[in-house]
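> give me coordinates for this.
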Amino acid sequence: MKTLHVLPDRDAPQVSQQEIMTRAEHYSARNYHPLQVVLARAEDVWVWDSDGRRYLDCLSAYSAVNQGHRHPRIIQALKEQADRLTLTSRAFHNDRMGGFLERLCTMAEMDRALPMNTGAEAVETAIKTARKWGYKVKGVAQDQAEIIVCRNNFHGRTTTIVGFSSEEQYRDGFGPFTPGFKAIDFGDIDQLEAAITPNTVAFLVEPVQGEGSILVPPQGYFNEVRRVCREHNVLYITDEIQTGLGRTGKLFCYQHDSDAKPDMLIVGKALGGGVYPVSAVISSEAILGVFQPGDHGSTFGGNPLGAAVADAALQVIEDEELVERAAESGEYVMERLHQLPSDSIAEIRGRGLLIGIELKPEAGPARHYCEALLDRGLLCKETHERVVRLAPPLTIRRPQLDFMLEQIEVVFT
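Purely as a prediction, here's the structure:
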C-alpha cells in the first residue's frame, strides 16, 4: 500500500526500527504483541515513528490520552511542579493534593476521593472498600462478602482481578484465586437480581466493556442496576477507567442513562493526561468513611506531581469542552462508518469516541486490518480477535476525522 505522511525528522536516531524492535524483544518479557512500528515523538493527535513517518493515533493509549499527546497545559503543570516538589508520601500533607481532589469530587458530584496510581490499584481499592463497608456497615459475617461482576470484564491484571475474569488466558497459570466473586452476563438485569444474596456487598461493572470488544448494554440498564442495588443494599460500582472523563460523549459513561449515578466511581487513565499515572476511587463520606489511618495506602498515591498533572488534565477537559466534542465527533464517525459498503463488517458499536468495528468470521483476524491501517498512517489495535477499536484523542478535528475515515473505507472495502 501507499506510504503516507513521511516527514523528515532531523532528530531521528541512526538505528533502524528493526534494530530497536529486536533489542526490545530480546530484553523484554513477551507479555505484549505490539504492531511493528517504533514511536519516537508525539503532538496532539499525531505520533511519529523513529524514521519520521507520521500517524494519526486512533488508540489514545487505551483512552489515557483523551486530552491529546503532550497537551501544553498539562506538560507545563508537570514541569512547574517537578521544579518544586515531586513526592512526600502520605506521611505529610502536600500543597497540591487537596485542590486536585476538590476539583475531582466536584466534577463527579461526590464527597471524597482516595487517590492511587494505576487503574488496577484503584479497582483493588474499590474491592477493599466494598468489603470493609459490607462488614462494618451492612453487617455481613466476616470473610463471607461477595461481589458480583460481569463475564467478559476487564478490570486489570492483579491476581485478585484476573481471578474473576472469564478470559481463560488471563487466568492461566496464576491461581489459586481470591474467593468471593460471582459472574453474571453483562446487560442482564434479571441475572443481577437473581445473583444477589444477603452476603452481596457490591456489583462491579464497566459501563461499556472496552477490552471485551466495545460491548454496549441496553439503554436504561444502569437505571435498573441502581434500582436493584438500592433495593438490596448493595454498592453499585462503575469502573470508568477507560470510559470516563469524556471518552463516550459524557463526562462519565453512566450518565447516558437518566438515573444511574453509582455509589462508587473508579477513574484513571485520562486522569493523568497521558503524562503521569493517576487514578482514584470517588464515593460518599458514608462509604469511604470506613477507612481509618493504616487501613490502606500508597507511597505515590496523591503525590504532588501526580496531583498537579491530574488537576491540569481535568481543567483541560472542562475548558476545551472535550466531552461535547467527543459526543459530536462520535456521532459523525458512527454515521460515516454505517455507510461503509463492506461485506467484511458484522457490526459497528460504541459510544462517543469509543467505537468497535466487528468483522465477520470469514473476513479474517482484526490484526490484519490494523496492519493495513498502519500502512496507511493510522494507529489502531485489535481486541478479541475480530474487533478493530477506534479511540482517537478527544481533541481530534473534522479534517483529521475525515482522514481517518478515508483510510478505513479503503481498507474495509
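> now the residue positioned nearest the centre of the chain: how far from residue 94?
Nearest residue to the geometric centre of the chain (CA atoms, centre = their mean): residue 242, 1.7 Å. To residue 94, residue 242 is 28 Å away according to CB to CB, to the nearest Å. Where C-beta positions appear, they are placed from N, C-alpha and C, glycine not excepted.
> how about residue 207?
Separation of residue 207 from residue 94 (CB to CB): 32 Å.
> more neighbours: which of the two?
Each of residue 207 and residue 94 had its neighbours counted (other CB atoms under 10 Å), and the higher figure belongs to residue 207 (29 against 20).
> what segments of the stretch 51-200 of the chain are helices?
With helices called from DSSP state H, counting those that start in this stretch, the stretch 51-200 of the chain shows them at 60-63, 72-82, 97-108, 119-133, 159-163, 168-171, 189-195.
> I'd like the average pLDDT over the fourth one.
In other words, helix 119-133. Averaged across helix 119-133, pLDDT comes to 98.
> the third one now?
Regarding helix 97-108, the rounded mean pLDDT is 98.
> what packs against that helix?
Judged by 3 or more CB pairs under 8 Å, 6 or more residues apart in numbering; DSSP states H and E, helix 97-108 is in contact with strand 112-116, strand 264-267, strand 279-283, helix 304-319.
> I'd like the ones you listed laid out as JSON lines, including distance to residue 170, mean neighbour count and mean pLDDT.
Listed next are the helices and strands packed on helix 97-108 as JSON lines, based on distance: least, CB to CB, whole Å; neighbours: other CB atoms under 10 Å; pLDDT from 0 to 100:
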{"stretch": "strand 112-116", "distance to residue 170": "21", "mean neighbour count": "23", "mean pLDDT": "98"}
{"stretch": "strand 264-267", "distance to residue 170": "19", "mean neighbour count": "26", "mean pLDDT": "98"}
{"stretch": "strand 279-283", "distance to residue 170": "20", "mean neighbour count": "28", "mean pLDDT": "98"}
{"stretch": "helix 304-319", "distance to residue 170": "27", "mean neighbour count": "23", "mean pLDDT": "98"}
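> now these in TSV, with distance to residue 369?
Output for those, formatted as TSV (distance: least, CB to CB, whole Å):
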stretch	distance to residue 369
strand 112-116	35
strand 264-267	31
strand 279-283	32
helix 304-319	31
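> so which of those is nearest residue 82?
helix 304-319 (6.2 Å; CB to CB).
> tell me the first helix or strand C-terminal of that closest one.
helix 322-337 (DSSP states H and E).
> quick one: buried residues of that next one?
322, 323, 325, 326, 327, 329, 330, 333, 334, 336, 337 (16 or more other CB atoms under 10 Å).
> quick one: it to helix 304-319, angle?
60 degrees (axes from the mean of the first three to the mean of the last three CA atoms, to 10 degrees).
> so how far is helix 322-337 off the chain centroid?
18 Å (CA atoms, centre = their mean, to the nearest Å).
> quick one: list the elements packing against that helix.
Packing partners of helix 322-337 (3+ CB pairs under 8 Å, 6+ apart): strand 345-351, strand 354-359, helix 398-412.
> report the rounded mean pLDDT for the last one.
When pLDDT is averaged over helix 398-412, the result is 97.
> that helix - contacts with which helices or strands?
Using 3+ CB pairs under 8 Å, 6+ apart, helix 398-412 sits against strand 54-57, helix 322-337, helix 366-375, strand 378-379.
> tell me the angle that helix makes with strand 354-359.
Using the same axes, to 10 degrees: helix 398-412 against strand 354-359 is 20 degrees.
> would you put the C-alpha positions of stretch 163-174 in PDB?
Extracted in PDB, the C-alpha atoms of stretch 163-174 (Å, rounded to 0.1, in the frame of the first residue of the first chain):
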ATOM      1  CA  GLY A 163      -9.300 -14.400  39.300                       C
ATOM      2  CA  PHE A 164     -12.800 -13.200  38.400                       C
ATOM      3  CA  SER A 165     -12.100 -12.800  34.700                       C
ATOM      4  CA  SER A 166     -13.900 -15.000  32.200                       C
ATOM      5  CA  GLU A 167     -10.900 -14.800  29.800                       C
ATOM      6  CA  GLU A 168      -9.000 -18.100  30.200                       C
ATOM      7  CA  GLN A 169      -5.700 -16.700  29.100                       C
ATOM      8  CA  TYR A 170      -5.800 -14.000  31.800                       C
ATOM      9  CA  ARG A 171      -6.200 -16.800  34.400                       C
ATOM     10  CA  ASP A 172      -4.000 -19.500  33.000                       C
ATOM     11  CA  GLY A 173      -1.100 -20.200  35.400                       C
ATOM     12  CA  PHE A 174      -1.900 -17.600  38.000                       C
END
